[in-house]
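Peer 1: A structural model of the following input is requested.
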Amino acid sequence: MSDIEKASKDAVEAARQGEQFAMLLAAVQAAQQTQPAPCQHPPPPQQGAVGKWVAIGIAGTFLAVGLAVSMVAFAVGAVALTTCVVVLRTVFTDFTREGRP
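Peer 2: Predicted coordinates:
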């Protein structure tokens, strides 16, 4: 086989591969054109209220704890006042009865 025949055979083979490559590119382009366009809907609104609700929960917790502590302090004060009144009444009663036989 001479160099010219070999070159001619290589040229024919390259042309065939070029045609195959062109058909492959055409098929890829056709597939890309038939795909549906991506959805154009606007994204849903962001749910940024999570931080707000966490802050409200923390504030509510501190408020509830503060209210509970103040109620305990109020109860302790009421018991102390009642005890003081009972003791003073007893002392006053004893003081006023000493003068009598």
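
Peer 1: show me what secondary structure element comes after the worst-scoring helix or strand of the chain on mean pLDDT.
Peer 2: Lowest mean confidence among the helices and strands of the chain (mean pLDDT, DSSP states H and E): helix 3-34, at a mean of 79. Heading C-terminal from helix 3-34, the first helix or strand you meet, by DSSP states H and E, is helix 50-97.

Peer 1: can you give me the pLDDT of the residue nearest the centre of the chain?
Peer 2: Residue closest to the average C-alpha location in the chain (CA atoms, centre = their mean): Val50, at 5.6 Å. The per-residue pLDDT reported for Val50 equals 82.

Peer 1: and for the one 5 residues further on?
Peer 2: The pLDDT attached to Ala55 in the predicted structure is 92.

Peer 1: and it, how many neighbours?
Peer 2: Other residues within reach of Ala55, judged by other CB atoms under 10 Å, total 10. No exception for glycine: its C-beta is placed from N, CA and C like everyone else's.

Peer 1: again, but for Val65
Peer 2: Neighbours of Val65 under the rule other CB under 10 Å: 10.

Peer 1: and if you look at Thr90?
Peer 2: Thr90 has 10 neighbours, counted by other CB under 10 Å.

Peer 1: mind listing what it touches?
Peer 2: Contacts were defined as CB atoms under 8 Å, 6 or more residues apart in numbering; by that measure Thr90 touches no other residue.

Peer 1: and it, how far from Gly77?
Peer 2: Thr90 sits 21 Å away from Gly77, going by CB to CB, to the nearest Å.

Peer 1: go on, Phe21?
Peer 2: With distances taken as CB to CB, Phe21 is found 94 Å from Gly77.

Peer 1: and what of Gly51?
Peer 2: According to CB to CB, Gly51 stands 39 Å off from Gly77.

Peer 1: could you do Val85 as well?
Peer 2: When Val85 is compared with Gly77 (using CB to CB), they lie 12 Å apart.

Peer 1: pLDDT averaged over stretch 61-74, what's the number?
Peer 2: Along stretch 61-74, the predicted confidence averages to a pLDDT of 97.
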